[in-house]
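In: fold the following for me, if possible:
(chains A and B)
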Amino acid sequence: MSTLFDVPGPVARRRMVWVNIAATVVVAGIGVWVLLRLGDKGQLNPALWKPFLTASPWVDYLIPGLIDTLTAAGISIVTSAVFGFVFGLGRLSPSRAVRAVSGTIVEFFRAVPVLLMMIFFYLGLGKLQILEPSDVPLVAVVLGLTFYNGSVFAELVRSGVHGLPRGQREAALAVGLRGGQSLRLIEVPQALIAMLPAIASQLVVILKDTALGLIVTYPELLDAARRFGSGNGNILQALVVAALIFIVINYGLTRLADLLAGRVGKRTAGKPRAEAPSLVVATGND
Amino acid sequence: MDDGFLQQYLSLFDEFDVLAAFWVNIQLTFFAGILALILGTVLATMRISPVPSLQWAGSTYVTLLRNTPLTIIMVFCVLGLWGQLGITLSPDFTTNFFRLAVVGLTVYHAAFVCEALRSGVNTVPVGQAEAARAIGLSFWPAARLIILPQAFRGSVAPLGNVLIALTKNSTVAAAASVAEASSLMRTMIEFRPDVIVAIFLTFALGFVLIVVPIGLATTALSRRLAVAR
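Out: Next comes the predicted model:
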């Protein structure tokens, strides 16, 4: 039973059937209306959709775009993990100075929009001319994603360790481990397992944010779809196809996160969490 | 920092109206925030209703919108809604793009508002509902007096996170040709590459100054409103 509703009796069940039918009609009506409007504008014309059943848009645009998207996301995941590990441990350091510096860096990058960082790195790297000009957009996208998502990962490491029962560290110290060893061997591994679902849902964020690369001329999936669509007069259809590709991949990752949340429970003393902890909460007493 | 650098840096503010650009972001956040709250509440009501077709419609909306990059939605608003379907929200060019961006931000964040509200309902233990029934309250009194007040208090913190995300995501309106902070930063850097770091830090700090108070306020509010259990 849910919090709000009792198990329905016969009268409620009969009423629910009628409400359900009425609601179906309304929802289907909205759908039909949208399709009719699209049809009026000629957007349902098969000629606009058919190209996506042929090889050319996929081979020439969508698949190379998807590869670029996955490349940026893949590199960013690795670099964010390194960044998050370093600064997450920094926030747990016994030295107050290290904690303060790591905390400031992490909170700063979590408050700055990713797009702002991407534009800064794009123009900055372009000006410095230390990279091949063709590499600049990819590096800008990766750096922007790394600083933001790395900070989120750092928060996950920190709050994961804080979420463990106190007894874990006490037991580790009691058997003669040092503080650092306890952190490395006992606490962080369990924290990471507890945070796996949250890490998996952060991967969705990384993948979605690669689409910001469009604004700094990175030829990712959205940009590829846009180029194909404007060249063939079916921009609306191309955007829908690109969105569907993102939805399918992200839905898979979300399901993975749910699956992990159900599984990891027994392998850690911490509480599995599905989402990243919120901003600024951390400045308090914990 | 020598005098010349400071002079150069300050001269930027004569040439470019930084505050006006941030004001656009705040307006985008304000309007999209209110509309997303309304749409998200409707969606959350659908998802927690006992009517299967409404549940299905609500969860399909959330699954689709939550997994689509905001950038695609923004580009779709401009190239699709306006460019292809001819939907015009204002005769004025700038206002039209602004309103299309508000539509994009709204439909995207409504999915997250819905999830935040729903997670608020989930924080209420089943025992509360059972106790309400046990003392003889029927559905509406139980929902109005016992469950929803606790649910709203439980969703303050996640709603605050959505508001923070919305504030930062208002920069993506640049993809819908709205002249807001990130596009002004780009213009400024392109005109004055000599002070690029100072320009970036100015804008980054601007966002920190907007986002951190929101975070502190919603955290304080959610702690104050938290139901002791």
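
In: assign a three-state SS to the spatially most central residue of chain A, would you?
Out: The residue lying closest to the centre of chain A (Cα atoms, centre = their mean) is A:V205, at 1.6 Å. Per DSSP: H, G, I helix; E, B strand; the rest coil, the secondary structure class of A:V205 is helix.

In: which residue sits closest to it, ignoring its sequence neighbours?
Out: Spatial nearest neighbour of A:V205, chain neighbours left out: A:N149 (6.7 Å); criterion: Cβ to Cβ, 6 or more residues apart in numbering or on different chains. (C-beta placed from N, C-alpha, C; glycine too.)

In: what sits against B:S59?
Out: Going by Cβ atoms under 8 Å, 6 or more residues apart in numbering or on different chains, B:S59 touches B:R47.

In: how about stretch A:45-52: buried residues?
Out: Buried residues in stretch A:45-52, counting neighbours by 16 or more other Cβ atoms under 10 Å in any protein chain shown, are found at A:48, A:51-52.

In: quick one: buried residues of the helix or strand hosting B:F97?
Out: Assigned by DSSP states H and E, B:F97 falls within helix B:93-122. Buried residues in helix B:93-122, counted by 16+ other Cβ under 10 Å: B:96-121.

In: give me the subset of the residues you listed touching chain A.
Out: Counting by Cβ under 8 Å from any Cβ of the partner chain, B:V121 from those sit close to chain A.

In: where along chain B do the helices fall?
Out: For chain B, helices defined by DSSP state H occupy the ranges B:3-15, B:18-48, B:52-66, B:70-75, B:93-122, B:126-134, B:139-141, B:148-154, B:156-169, B:181-191, B:196-225.

In: what is the helix holding B:F97 packed up against?
Out: Applying 3 or more Cβ pairs under 8 Å, 6 or more residues apart in numbering or on different chains; DSSP states H and E, we find helix B:93-122 packed against helix B:18-48, helix B:52-66, helix B:70-75, helix B:148-154, helix B:156-169.

In: of all the ones you listed, which lies closest to A:A198?
Out: Ranking those by proximity to A:A198 (Cβ to Cβ) places helix B:156-169 first, at 13.1 Å.

In: what sits up against the closest one?
Out: By Cβ under 8 Å, 6+ apart, helix B:156-169 touches A:111-114, A:278-279, A:281, B:25, B:29, B:32-33, B:36-37, B:70, B:105, B:108-109, B:112-113, B:115-117, B:119-120, B:207, B:210-211, B:214-215, B:217-219, B:221-222, B:225.

In: ok, and what's touching stretch B:170-190?
Out: By Cβ under 8 Å, 6+ apart, stretch B:170-190 touches A:113, A:115-116, A:119-120, A:123-124, A:212, A:214-215, B:12, B:16-18, B:21-22, B:24-25, B:28-29, B:32, B:70-71, B:74-75, B:77-78, B:94, B:97-98, B:100-101, B:104-105, B:196, B:199-200, B:203, B:206-207.

In: now do stretch A:33-49
Out: A:233-234, A:236-237, B:84-86.

In: so can I have JSON lines of the helices of chain B showing mean pLDDT and distance to A:I67?
Out: Below are the helices of chain B laid out as JSON lines (pLDDT from 0 to 100; distance: least, Cβ to Cβ, whole Å):
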{"stretch": "helix B:3-15", "mean pLDDT": "81", "distance to A:I67": "40"}
{"stretch": "helix B:18-48", "mean pLDDT": "95", "distance to A:I67": "33"}
{"stretch": "helix B:52-66", "mean pLDDT": "94", "distance to A:I67": "24"}
{"stretch": "helix B:70-75", "mean pLDDT": "96", "distance to A:I67": "18"}
{"stretch": "helix B:93-122", "mean pLDDT": "94", "distance to A:I67": "26"}
{"stretch": "helix B:126-134", "mean pLDDT": "89", "distance to A:I67": "48"}
{"stretch": "helix B:139-141", "mean pLDDT": "84", "distance to A:I67": "53"}
{"stretch": "helix B:148-154", "mean pLDDT": "88", "distance to A:I67": "43"}
{"stretch": "helix B:156-169", "mean pLDDT": "94", "distance to A:I67": "26"}
{"stretch": "helix B:181-191", "mean pLDDT": "94", "distance to A:I67": "27"}
{"stretch": "helix B:196-225", "mean pLDDT": "93", "distance to A:I67": "30"}
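
In: spatially speaking, which residue is in the middle of chain B?
Out: Short answer for chain B (Cα atoms, centre = their mean): B:L166, at 2.7 Å.

In: skip the chain neighbours and tell me the closest residue to that residue.
Out: B:H109 (5.1 Å).

In: so A:L125 touches A:V139, yeah?
Out: Yes - when contacts are counted by Cβ atoms under 8 Å, A:L125 is listed as touching A:V139 (6.0 Å).

In: overlap in contacts of those two?
Out: In contact with both A:L125 and A:V139: A:L131, using Cβ under 8 Å, 6+ apart.

In: so where's chain A uncertain?
Out: A:1-3, A:272-286 (pLDDT under 70).

In: what's near enough to touch B:T202?
Out: B:V18.

In: typo on my end, B:L79
Out: Applying Cβ under 8 Å, 6+ apart, the residues contacting B:L79 are A:226, A:229-230, A:235-236, A:239.

In: which of these count as buried?
Out: The buried subset of the contacts of B:L79 - by 16+ other Cβ under 10 Å - is A:226, A:229, A:235-236, A:239.

In: which stretch of helix or strand covers the residue nearest to A:P133 when sequence neighbours are not counted?
Out: The shortest distance from A:P133 to any non-neighbouring residue, by Cβ to Cβ, 6+ apart, is to A:G126 (7.1 Å). Under the criterion of DSSP H and E, A:G126 resides in helix A:114-128.
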